[in-house]
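Engineer: Could you work out the structure for the sequence below:
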Amino acid sequence: MSTTIQNGIPGETTTGNQKAPHEDMIWIEGGTFKMGSDDFYPEERPSHEVSVDGFWIDRFTVTNEKFSAFVADTGYQTVAERALDPKQYPGAPAENLAPGSMLFVPTSGPVDLRDYTNWWTWATGTNWRHPFGPDSTLDGLQDHPVVHIAYEDAEAYANWAGKQLPSEAEWEFAARGGHDGRHFIWGNDDFPAEAPLANTWQGEFPWQNLTTDGFERTAPVGSFPANDYGLFDMTGNVWEWTADWYIPRHDSEMVKSCCGIPVNPRVMDMEKSYDPAQPQFQIPRRVVKGGSFLCAPNYCLRYRPAARQPQMVDTGMSHIGFRCVVPGNMPN
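Structural biologist: From the prediction side, this is the model:
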């Protein structure tokens, strides 16, 4: 495998004269790695060996420019642009059923970090076209990752592009960049606050954003160093959708081979993805990976390959985007 470098950014990854099946994709040779971590949050445990076959993956998260092209071609309307079904949200006020999305609003001072409603609010009129609230626009944001994307929105784009969303194992394998067992993409030590290597939160979340990384919200894709596979923003900027249903312990429920190391494991049981803490909402949840510009050590140390969170499939947010893959063999 060879990677050309243009203007300091890895170019198209090829073998011989073969090119990626789509623009800005990189071939990831399959292999075996330690998935998860025993050193951080409970949902990452236990660390266990997994194998994946080779696949192509987008070098960057999908940008507003690319998503705009999809919408222009198809007329697609995202979940955040549609009114909500009251049957799915029993007891919700009528105003909360209008089209909108979950918007991050920083607090004026320290708050109880156990209550996310201190900084998340339902904002009518907020969607991918208006990412910071109903009066905001995409001006100057064409090269930023698209946000306020629900799972079906990401899946619709992937289908249109002739791709698909990665499994959790594929995503994590790619994020590690060939360095099995590292806590972070760059090594085992967190980066010093004065020299950020990704778009995360510096300061005390959710009120003190020091922006020493140069960005208060999302950053243009490729603003920080790529991992050793040439993939950008596998840490921070925005969380990314995967195709697997969320379960608290992924090793115990994955669909895998009968013996030996699991190969291309998947979590396929939607019923087990429901949030037991909110039984009134029977909304399935998928795994998101990678952390975001809102991740801070005092609250969410999840800008790591092993980190994972559940996300209801019908909900877009200020910090959730996606990238795609194309499975298959490297062409000869």
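
Engineer: if I pick residue 296, what's in contact with it?
Structural biologist: Neighbour list for residue 296: 200-205 [criterion: C-beta atoms under 8 Å, 6 or more residues apart in numbering]. Quick note: C-beta positions are derived from backbone N, CA and C, even for glycine.

Engineer: tell me which element it falls in.
Structural biologist: Secondary structure from DSSP states H and E places residue 296 outside every helix and strand.

Engineer: Got the phi and psi for it?
Structural biologist: The phi and psi values for residue 296, taken as degrees, to the nearest 10, are phi -140, psi 150.

Engineer: Okay, strands next: where are they in the stretch 51-200 of the chain?
Structural biologist: Using DSSP state E, counting those that start in this stretch, the strands of the stretch 51-200 of the chain run over 55-58, 100-104, 120-124.

Engineer: now the end-to-end length of stretch 190-208.
Structural biologist: This stretch, stretch 190-208, spans 19 Å end to end (C-alpha to C-alpha, to the nearest Å).

Engineer: try stretch 86-97
Structural biologist: 7 Å.

Engineer: Redo the strands of the stretch 51-200 of the chain as CSV? Include mean pLDDT, distance to residue 217 and mean neighbour count.
Structural biologist: CSV is the format used below for those (pLDDT from 0 to 100; distance: least, C-beta to C-beta, whole Å; neighbours: other C-beta atoms under 10 Å):
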stretch, mean pLDDT, distance to residue 217, mean neighbour count
strand 55-58, 98, 21, 24
strand 100-104, 97, 8, 22
strand 120-124, 95, 14, 17
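
Engineer: Among those, which comes closest to residue 90?
Structural biologist: strand 120-124 (15.8 Å; C-beta to C-beta).

Engineer: quick one: strands adjacent to that closest one?
Structural biologist: Here strand 120-124 has these sheet partners by DSSP bridges: strand 100-104 (antiparallel).

Engineer: returning to that earlier point: so can I have TSV of the strands of the stretch 51-200 of the chain showing distance to residue 235?
Structural biologist: Shown next, in TSV, are those (distance: least, C-beta to C-beta, whole Å):
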stretch	distance to residue 235
strand 55-58	15
strand 100-104	19
strand 120-124	22
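
Engineer: quick one: which of those is nearest residue 172?
Structural biologist: The minimum distance between residue 172 and the strands of the stretch 51-200 of the chain falls on strand 55-58, with 11.6 Å, by C-beta to C-beta.

Engineer: can you tell me which residues contact the residue sitting nearest the centre point of the chain?
Structural biologist: Taking C-alpha atoms, centre = their mean, the centroid of the chain lies closest to residue 240, which sits 1.1 Å from it. With contact taken as C-beta under 8 Å, 6+ apart, residue 240 is in contact with 61, 171, 288-290, 320-323.
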